[in-house]
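Asks: Make a model of this:
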Amino acid sequence: MSVEAVFPELAPYRARTTRLHPRPGRPGRRDSHIGGPMLWPADEPWPLCHEPHRRETEGYAPDEIRSARAAGVWPPSRQPSRDDGPAPFTGLAQLFRRDIPGLACGPDGADLVQLFRCPLTHGPHLERRYHLRWRQAARTERAEHLLAAPPEAPLLRWEHELPEPCVLHPEEVDTYPWAENDTLPAPLIARIDAWDDAQVAEHGPDAPSYQYDLSIPPGWRVGGYPSWASTGPMAIDCASCGAPMELLLTADGYEWDGGSHSWAPREDRDPLLRGKASIRGGFSAAQPARLRFGRDRDLHVFVCPAEPGHPPRWVLA
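Replies: Numbering: from 1, shown residues only. Below is the predicted model of the structure:
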């Protein structure tokens, strides 16, 4: 279905986003990936989180998680936590501009971005800390020695703290703003809401909707518009200069769910079935990286277009 055929007024708002389509695999350190080995000079310190952490009394060893996944079983019982001192950040994703259409340019022409998360929680609300590292790919690839294996936290509180290495299959698609509050003109949002109601009345629970089927795809993606399903639209401004920030990257625990199943690739569908019943591929297709963000929210990473070197902002929405 063409969204502009239904709502021609959306044409000026059309943007492009690149869906990453991660799938479990064996990416190399010179590849774009989720959860794979980082391109990291051996003489450069690995990022550590020095903030106070919530001290856990039990957890899973990373190697035990890997072994359990390979065997198709759950990791063994938790053991007493040995975590103490600064925590090594966990590498979540590495993206090269040469691989990912639409990936923004970083400071000083950086064309490689690496995303990290502290594996431990902070404060009474179990907050997370993230880290973004920009690089010039060619210069980094010429490093005399590259890090063979990064340091890891000895124990992780949850199995889903450890990303499953995934190769990427980038796909550019059109995207349109989330329709709520003042993200679009009020008369257009009213038309969209009325159309959604009419679709449900005619087609039932599997009916297409603007928010979940026509505007913003689920899953890992680069650029485009943020989804605001949990929080409602928010103004994200640069803390350094006040400029409106742009969406660099969205990390999502699931490639689709019950409300966004229409975005599942044809390869993950049974052509003889329709709607949610047609989805196949299992866990490796629906949650390939084995990660979660908040209570199954999207992690939006925003950057300053006026000065790429300004600190990014992280929003769970």
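
Asks: Which strand or helix spans residue 132?
Replies: Assessed by DSSP states H and E, residue 132 sits inside strand 130-135.

Asks: Now tell me what touches that strand from outside.
Replies: 39, 47, 49, 89, 106-107, 110-118, 299, 301, 308, 312, 314 (Cβ atoms under 8 Å, 6 or more residues apart in numbering). C-beta coordinates here come from the backbone N, C-alpha and C atoms, glycine included.

Asks: what about the next helix or strand after that strand, average pLDDT?
Replies: Downstream of strand 130-135, the next assigned helix or strand under DSSP H and E is helix 137-141. Computed over helix 137-141, the mean pLDDT rounds to 97.

Asks: still on that earlier bit, are any of the contacts of strand 130-135 buried, and if so which?
Replies: Among the contacts of strand 130-135, those scoring as buried are 39, 47, 49, 89, 106, 110-118, 299, 301, 308, 312, 314 (criterion: 16 or more other Cβ atoms under 10 Å).

Asks: Please report the distance of the residue nearest in space to the middle of the chain from residue 78.
Replies: What sits nearest the mean C-alpha location of the chain, by Cα atoms, centre = their mean, is residue 251, with 0.8 Å. The gap separating residue 251 from residue 78 is 26 Å, by Cβ to Cβ, to the nearest Å.

Asks: Please enumerate the helices of the protein.
Replies: 3-6, 62-71, 137-141, 186-203, 282-286 (DSSP state H).

Asks: CA atoms of the first one as PDB?
Replies: Output of helix 3-6 as PDB, limited to C-alpha atoms (Å, rounded to 0.1, in the frame of the first residue of the first chain):
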ATOM      1  CA  VAL A   3       0.900   5.800   2.000                       C
ATOM      2  CA  GLU A   4       0.900   8.800  -0.300                       C
ATOM      3  CA  ALA A   5      -1.900   7.400  -2.400                       C
ATOM      4  CA  VAL A   6      -4.000   7.500   0.800                       C
END
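
Asks: tell me the mean pLDDT for it?
Replies: pLDDT averaged over helix 3-6 gives 92.

Asks: Any buried residues in it, and which?
Replies: Quick answer for helix 3-6 (16+ other Cβ under 10 Å): residue 3.

Asks: My guess is residue 252 contacts residue 299. True?
Replies: Yes. In this structure, residue 252 is within contact of residue 299 by Cβ atoms under 8 Å, at 7.5 Å.

Asks: Report the set of residues contacting both of these two.
Replies: With Cβ under 8 Å, 6+ apart, residue 252 and residue 299 have common neighbours residue 293.

Asks: Could you verify my assumption that residue 288 touches residue 24?
Replies: Yes. Using Cβ under 8 Å, residue 288 makes contact with residue 24 at a distance of 5.5 Å.

Asks: Show me the strands in the stretch 201-317 of the chain, by range?
Replies: 221-222, 246-252, 298-303, 313-316 (DSSP state E, counting those that start in this stretch).

Asks: just those: most buried one?
Replies: Across the strands of the stretch 201-317 of the chain, the average number of neighbours (mean count of other Cβ atoms under 10 Å) peaks for strand 221-222, which reaches a mean of 27.

Asks: what helices or strands is it leaning on?
Replies: Applying 3 or more Cβ pairs under 8 Å, 6 or more residues apart in numbering; DSSP states H and E, one finds that strand 221-222 contacts strand 15-19, strand 246-252.

Asks: again, 6 Å this time
Replies: Applying 3 or more Cβ pairs under 6 Å, 6 or more residues apart in numbering; DSSP states H and E, we find strand 221-222 packed against strand 15-19.

Asks: So which elements touch the strand it packs on?
Replies: By 3+ Cβ pairs under 6 Å, 6+ apart, strand 15-19 packs against strand 171-175, strand 221-222.

Asks: Contacts made by it with the rest, please.
Replies: With contact meaning Cβ atoms under 6 Å, 6 or more residues apart in numbering, strand 15-19 is reached by 100, 101, 102, 170, 171, 172, 175, 217, 221, 222, 223, 224.

Asks: now with 8 Å?
Replies: Contacts for strand 15-19 (Cβ under 8 Å, 6+ apart): 100-103, 170-176, 216-217, 219-225.
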